[in-house]
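Trainee: Provided below for reference: sequence and predicted model.
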Amino acid sequence: LLQPEGLLGCWAPLVSAVCTNANGLYDPALRASAVLTLCKFMCASASFCEEKLQLLFTVMHREPEQCVRANIAVALGDLVVRHQNLLEPWTPRIYAQLRDEDVRVRKHVLMVLSHLILNDMVKVKGQISELALCLLDSEPRVVALTRLFFSQLAKKGSSGSSSVYNLLPDIMSALSTNPSVAPAAFREVMGFLIPFIQKDRQTEAMVEKLCMRFGTSDEPQLHRDVAFCLAALTHSERSVRKLQELSKTYADKLSDSEVYESFSTIVQKARKFARVELRSALDEFEKLLSVSHRGHSGVAPDATPEDAIDEQEPAPAHPRQTASKKLKKSRQSKMKTVDSSGEDDSIADQLEDDEHTEADFTDENQPPKVVEPTKVHQSAKAPRGRPARPLRGKASIKAR
């Protein structure tokens, strides 16, 4: 039918000329009818479809009338079903229309893609992040359709190739490396998608996948995004222990305040369901986070705050305290030095020596101390009728 001499093929050049509208002579209603005719011809013949695909996407990109673009969006769904292999290389161009300036076009493209993906007619690749960005659309109807799509996608189960669990790492990577996506927008999108992961086994596997992404880049914002995703997961005892085992992958990133806060949030949530065994592990994990967070401030990462205080050098002693200690040692040495015959110097001689010794240890600028005469102890008096003898030995020590 679409051969040049066929019944429909003879009209194909005219239809293509109206769709191209090179001279701008055709009105929007005629162009809309011509586009629908072209799409029907493409559905009827694979060779004609392959020949006119470039023209169709060019018209969709350049056409100023939103009704024409909307008609093409609807027709693309039929073309994908009819010629799936021919349309597969053009899939990114279909996703690109989700950023169309007209609400009607965005809505039609979103509905077509949702139908194709949920029925496994289109393989979901990295372009799924374009669908996730529709959660930030200014039109509430588009946002509602996007939420419905991901809710239906999550019901396909973990065994489905299009489940949210399998797509989440690609969505996170695409959004975190997209300069047009602000951190607040990233958190809004991921905050909606991550709660769809509810199985403990999937959560544990997702923890391992996300922790490995800390070492893929030195960009601080990427580390904050990954930490936020880890905190948004619904953790179990196994996932928390897995996170603790992989601490080496993110220990050097905890110096960032936002990363540290995200991990602290995980610990606080885990304490609500923690058993006795897990509580002790959480205490160690929290201590590890705190030490790693303070690692850049001069305290060794393996040391606790008490160890850092104990390692400080003691303050030097005051000069007068040092002199007093030396004087005390000197007096003790003199008391222990006794002549073999039992004879010792008199009390006055010892006090005179001590006075000179104390003067040597004190400051030269201070006035000398006045030494009062020592009184003889009552117990040292001589009995009646006998002359008093000078004190010697142990008695002299007691008198002093």
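Mentor: Looks like it came in fine. From a predicted model like this one, the values you see are computed outputs, not experimental measurements.
Trainee: quick one: low-confidence parts of the stretch 101-250 of the chain?
Mentor: Within the stretch 101-250 of the chain, the segments meeting pLDDT under 70 span 157-162.
Trainee: what ranges do the helices span in it?
Mentor: 103-118, 128-132, 140-154, 164-176, 183-193, 200-212, 220-232, 237-245 (DSSP state H, counting those that start in this stretch).
Trainee: Can you say which of those helices is nearest to Thr58?
Mentor: Set against Thr58 and scored by CB to CB, the helices of the stretch 101-250 of the chain come closest in helix 103-118, at 15.8 Å. Every residue, glycine included, has its C-beta placed from N, CA and C.
Trainee: from the chain's centre, how far out does that closest one sit?
Mentor: 34 Å (CA atoms, centre = their mean, to the nearest Å).
Trainee: Report pLDDT for Leu87.
Mentor: Each residue has a pLDDT score; the one for Leu87 is 92.
Trainee: Check the burial of it by counting its neighbours.
Mentor: Leu87 sits with 22 neighbouring residues when counted by other CB atoms under 10 Å.
Trainee: so it is in which element?
Mentor: Taking DSSP states H and E as the definition, one finds Leu87 inside helix 84-87.
Trainee: how about that helix: buried residues?
Mentor: 86-87 (16 or more other CB atoms under 10 Å).
Trainee: Pull the residues that contact the next helix or strand along the chain from it.
Mentor: Using DSSP H and E, the next helix or strand after helix 84-87 towards the C-terminus is helix 91-96. Outside helix 91-96, the residues within contact range by CB atoms under 8 Å, 6 or more residues apart in numbering are 57, 60-61, 76, 80, 87, 109, 112-113, 122-123, 125, 127, 130-131.
Trainee: Could you tell me which of those residues count as buried?
Mentor: Among the contacts of helix 91-96, those buried by neighbour count (16+ other CB under 10 Å) are 57, 60, 76, 80, 87, 109, 112-113, 122, 127, 130-131.
Trainee: what two of these are the furthest from one another?
Mentor: Most distant of those, by CB to CB, are Phe57 and Leu131, 19.1 Å apart.
Trainee: that older thread, what packs against the helix holding Leu87?
Mentor: Judged by 3 or more CB pairs under 8 Å, 6 or more residues apart in numbering; DSSP states H and E, helix 84-87 is in contact with helix 46-62, helix 66-82.
Trainee: CA atoms only for it - export them in PDB, please.
Mentor: Only the C-alpha atoms of helix 84-87 are listed here, as PDB (Å, rounded to 0.1, in the frame of the first residue of the first chain):
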ATOM      1  CA  GLN A  84       9.700  -2.000  19.300                       C
ATOM      2  CA  ASN A  85      13.100  -2.700  17.900                       C
ATOM      3  CA  LEU A  86      13.000   0.300  15.500                       C
ATOM      4  CA  LEU A  87      12.000   2.700  18.300                       C
END
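Trainee: what's next to it, contact-wise?
Mentor: 46, 49-50, 53, 76, 79-80, 94, 121.
Trainee: ok, of the residues you listed, which come out buried?
Mentor: 49, 53, 76, 79-80, 94.
Trainee: Of all pairs in those residues, which one spans the longest distance?
Mentor: The widest separation within the buried ones among the contacts of helix 84-87 (CB to CB) is 14.7 Å, between Cys49 and Ile94.
Trainee: possible to save the helices and strands packed on helix 84-87 as CSV with mean pLDDT and distance to Leu167?
Mentor: Below are these laid out as CSV (pLDDT from 0 to 100; distance: least, CB to CB, whole Å):
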stretch, mean pLDDT, distance to Leu167
helix 46-62, 92, 25
helix 66-82, 92, 19
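Trainee: of all those helices, which gets the most neighbours per residue?
Mentor: helix 66-82 (a mean of 20; mean count of other CB atoms under 10 Å).
Trainee: doesn't Thr249 make contact with Met212?
Mentor: Yes. In this structure, Met212 is within contact of Thr249 by CB atoms under 8 Å, at 6.5 Å.
Trainee: Mind checking which of these two has more residues around it?
Mentor: Thr249 (17 against 14).
Trainee: list the contacts for the residue nearest to that one when sequence neighbours are not counted?
Mentor: Of all residues not flanking Thr249 in the chain, Cys211 sits nearest, at 4.6 Å (CB to CB, 6 or more residues apart in numbering). The contact partners of Cys211, taken as CB under 8 Å, 6+ apart, are 226, 230, 243, 246, 249-250.
Trainee: Name the nearest of these relative to Cys10.
Mentor: Using CB to CB, those come closest to Cys10 at Val226, 60.2 Å.
Trainee: and the gap between the closest residue to Met60 other than its chain neighbours and Gln268?
Mentor: For Met60, ignoring the flanking residues on the chain, the nearest one in space by CB to CB, 6+ apart is Ile72 at 4.5 Å. According to CB to CB, to the nearest Å, Ile72 and Gln268 sit 51 Å apart.
Trainee: one step back: any idea which of the helices of the stretch 101-250 of the chain gets closest to Thr20?
Mentor: helix 103-118 (20.0 Å).
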